[in-house]
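>>> Any chance you could fold what I've pasted below:
(one chain, ligands or ions: 1)
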Amino acid sequence: MNITTALEALGVRDDTLTQAERDTLNRDGFLPLPGILTTQQIEAFRTRLDELLAAEGDDAGKEVHQEAGTDRLSDLVNKGEIFEVCFTHPRVLAAIAHVLGGECKLSSLNARSALPRQGLQALHADWSGPVQPGNFFVCNSIWLLDDFTETNGATRIVPGSHQSGQSPTDAMRDPRAAHPEEIKLLALAGTVVIFNAHTWHGGTLNATSQPRRALHSYFCRRDQPQQLDQRTYIRPDTWARLSPAARYILDVSIYIVRIIGAVAGLGEARSAAIRRRRTMRPYTWCSASRTQRPAAAVSPLPPFEWFRKVWYSTALSTHPGEYPAACVVRRV
Ligand SMILES: O=C(O)CCC(=O)C(=O)O
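Numbers count the residues shown, from 1 in each chain. The predicted structure is shown next:
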């Protein structure tokens, strides 16, 4: 699989975005896509976020970032099947791929709720410095779970600033202050706003008594590190459920040490140690041709019948054509 076949499998076509939409994204650095989520999906997301916030308490968001005045959650890839749409929706992927020149992968999937009377951020880009116009590394999407209004902490953005070759800290004395050209992203819940993450943006003050909720599905070029290393975090049940194309977007297609650890009953500590050492012991890889059937590819057979069964059912046999040159595992 490559990015072209992954995007195709997820329904991205040449005409998934109109030329006018591509032009808007190029010129302004952002593009609102209305009506991506249904009312039922919005409600399901809100409910799930409430559950996660209650369950995670003070740890919420820790995998990536915590921020005073907000409720943040991270690693949503592994916290419910409902979040899958955030990295597989064809319109969203088409826009992200357009900005990143095709070669994209998920960087992280998070939630951010600006709490009442809080939420103001400095204008910033999601990248450490200025880039040459046209050479973009990161692209974000904000999934509105509430209407974004003048007063409830809607994201502000400076149109065209992705082409400026400058960072807000270079150009502004106080990036927390209003910028003369900034606008607020005002739109209905269910809208997804794609923004080239080099475009200057930031949360604004939520002056209402209700939280302003949103998801951030953040992407980067495939040659860049992810904000949350998906290979480290991917859980076996998530991995098993995802399509090959979705795994490719997460960049976890060939990563199964975690799965091995789980099915072999090594426990989290042991599989974490294996991941750290990357030496693949006590299991190691051997590769076999894609045409070989999994059973024939294993030599010698894994020691336990149960292990072999679970292993094949969760990994190889569910997506036989997908396995990286039919990588299989054997005891050493
Ligand atoms: O949630 C928002 O309005 C924007 C958040 C943002 O830009 C960030 O957290 O970096």
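>>> residues near Thr208, how many?
The local packing of Thr208 (other CB atoms under 10 Å) involves 15 other residues. Glycine gets a C-beta too; all of them are placed from N, C-alpha and C.
>>> mind checking the SS state of it?
Three-state assignment for Thr208 (DSSP: H, G, I helix; E, B strand; the rest coil): coil.
>>> who's in contact with it?
Applying CB atoms under 8 Å, 6 or more residues apart in numbering, one finds that Thr208 lies in contact with Pro116, Thr149, Thr151, Asn152, Gly153.
>>> what's the spacing between it and Arg117?
When distance is defined by CB to CB, to the nearest Å, Thr208 is 8 Å away from Arg117.
>>> Am I right that Ala54 sits in a helix?
Yes - note on Ala54: a helix contains this position according to three-state DSSP.
>>> any chance you could map the helices in the stretch 101-250 of the chain?
Along the stretch 101-250 of the chain, counting by DSSP state H, counting those that start in this stretch, helices occupy 168-171, 230-233, 236-241, 244-250.
>>> Most tightly packed of the ones you listed?
Comparing the helices of the stretch 101-250 of the chain on average neighbours per residue, with mean count of other CB atoms under 10 Å, the densest one is helix 244-250 at a mean of 21.
>>> For Ser161, give its distance to Phe195.
Distance of Ser161 to Phe195, given as CB to CB: 10 Å.
>>> Ignore what I typed, I meant Val252.
25 Å.
>>> Looking at those two, which one has more neighbours?
When Val252 and Phe195 are compared on other CB under 10 Å, the one with more neighbours turns out to be Phe195, at 27 against 24.
>>> Is the more buried one bridged to anything, and to what?
Phe30, Asn140 (DSSP bridges).
>>> Determine the residues that are contacts of both of Ser161 and Phe195.
Common neighbours of Ser161 and Phe195, counting by CB under 8 Å, 6+ apart, are Gly29.
>>> List, one by one, the residues from the stretch 151-300 of the chain near the ligand.
Applying CB under 6 Å from any ligand atom, we find that the stretch 151-300 of the chain lies next to the ligand at Thr155, His201, Gly202, Gly203, Ala214.
>>> So the last one is in contact with Ser141, correct?
No - the pair Ala214 / Ser141 is not scored as a contact, 9.9 Å apart, by CB atoms under 8 Å.
>>> Touching, Thr88 and Leu7? I think so.
No - the pair Thr88 and Leu7 does not pass the contact test of CB under 8 Å, sitting 10.1 Å apart.
>>> anything in contact with each of these two?
Contacts common to Thr88 and Leu7, judged by CB under 8 Å, 6+ apart, are Ala245.
>>> So Ser209 is in contact with Thr151, correct?
No - contact between Ser209 and Thr151 fails when scored by CB under 8 Å: they sit 10.5 Å apart.
>>> what about stretch 32-43, start to end distance?
Its start and end residues considered, stretch 32-43 measures 20 Å (CA to CA, to the nearest Å).
>>> mean confidence for that stretch?
On average, the pLDDT along stretch 32-43 is 98.
>>> Burial check on Ala207, number of neighbours?
14.
>>> so who does it touch?
If a contact means CB under 8 Å, 6+ apart, then Ala207 has Arg117, Thr151, Asn152, Gly153 as its contacts.
>>> tally of neighbours for Ser253?
21.
>>> Model confidence for it, exactly?
The per-residue pLDDT reported for Ser253 equals 90.
>>> what does Pro236 give?
In the prediction, the pLDDT value recorded for Pro236 is 89.
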